[in-house]
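> no FASTA, just this:
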């Protein structure tokens, strides 16, 4: 049960990070844009957005524009900062950039605050 919860939390963080990055490029971000980025179905993204709305992490306007709340942005920034730090560190010790990017994506969710700081 803990494993499933943990995977759900990772997925949530990945969504928030992606929404932040896509939103920085496109202020008119819609669910379909997120679905394309992840290569997920639109219904899957709609369910995830509903869950994030209920948690107070995203807002979806009447015309379908998706944006992060302050809390959602806080989480997204934390995850992105970890991702960037881990990617740079892995590359600095000789890991190929594409592998470093993939591994950082896995590691960013599990690192403690103590280790990150």
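Yep, it's here. Only a predicted model underlies this, so the values are computations on that prediction, with no experimental measurement involved. Numbers count the residues shown, from 1 in each chain.
> from here on, just use CA atoms for contacts and neighbour counts.
OK.
> can you pull out the helices in the chain?
With DSSP state H as the criterion, the chain has helices at 2-25, 31-38, 42-54, 70-92, 97-107, 113-116.
> using TSV, lay out those helices together with mean pLDDT and mean neighbour count.
Listed next are the helices of the chain as TSV, based on pLDDT from 0 to 100; neighbours: other CA atoms under 10 Å:
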stretch	mean pLDDT	mean neighbour count
helix 2-25	82	16
helix 31-38	95	16
helix 42-54	95	15
helix 70-92	94	17
helix 97-107	90	16
helix 113-116	80	8
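> can you lay out those as a markdown table showing distance to residue 63?
Output for the helices of the chain, formatted as a markdown table (distance: least, CA to CA, whole Å):
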| stretch | distance to residue 63 |
| --- | --- |
| helix 2-25 | 15 |
| helix 31-38 | 11 |
| helix 42-54 | 14 |
| helix 70-92 | 20 |
| helix 97-107 | 32 |
| helix 113-116 | 38 |
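> nearest to residue 64, of these?
For these, the distance to residue 64 is smallest for helix 31-38, at 7.4 Å, taking CA to CA.
> check which helices and strands that closest one sits against.
Helix 31-38 sits against helix 2-25, helix 42-54, with contacts defined as 3 or more CA pairs under 8 Å, 6 or more residues apart in numbering; DSSP states H and E.
> try it again with 6 Å
Using 3 or more CA pairs under 6 Å, 6 or more residues apart in numbering; DSSP states H and E, the elements in contact with helix 31-38 are helix 42-54.
> which strands and helices sit next to the helix it packs on?
If you count contacts as 3+ CA pairs under 6 Å, 6+ apart, helix 42-54 packs onto helix 31-38.
> quick one: the helix it packs on to helix 2-25, angle?
110 degrees (axes from the mean of the first three to the mean of the last three CA atoms, to 10 degrees).
> hmm, who's touching helix 31-38?
Outside of helix 31-38, the residues within contact range by CA atoms under 6 Å, 6 or more residues apart in numbering are 41-42, 45.
> residue 110 versus residue 15, what's the distance?
16 Å (CA to CA, to the nearest Å).
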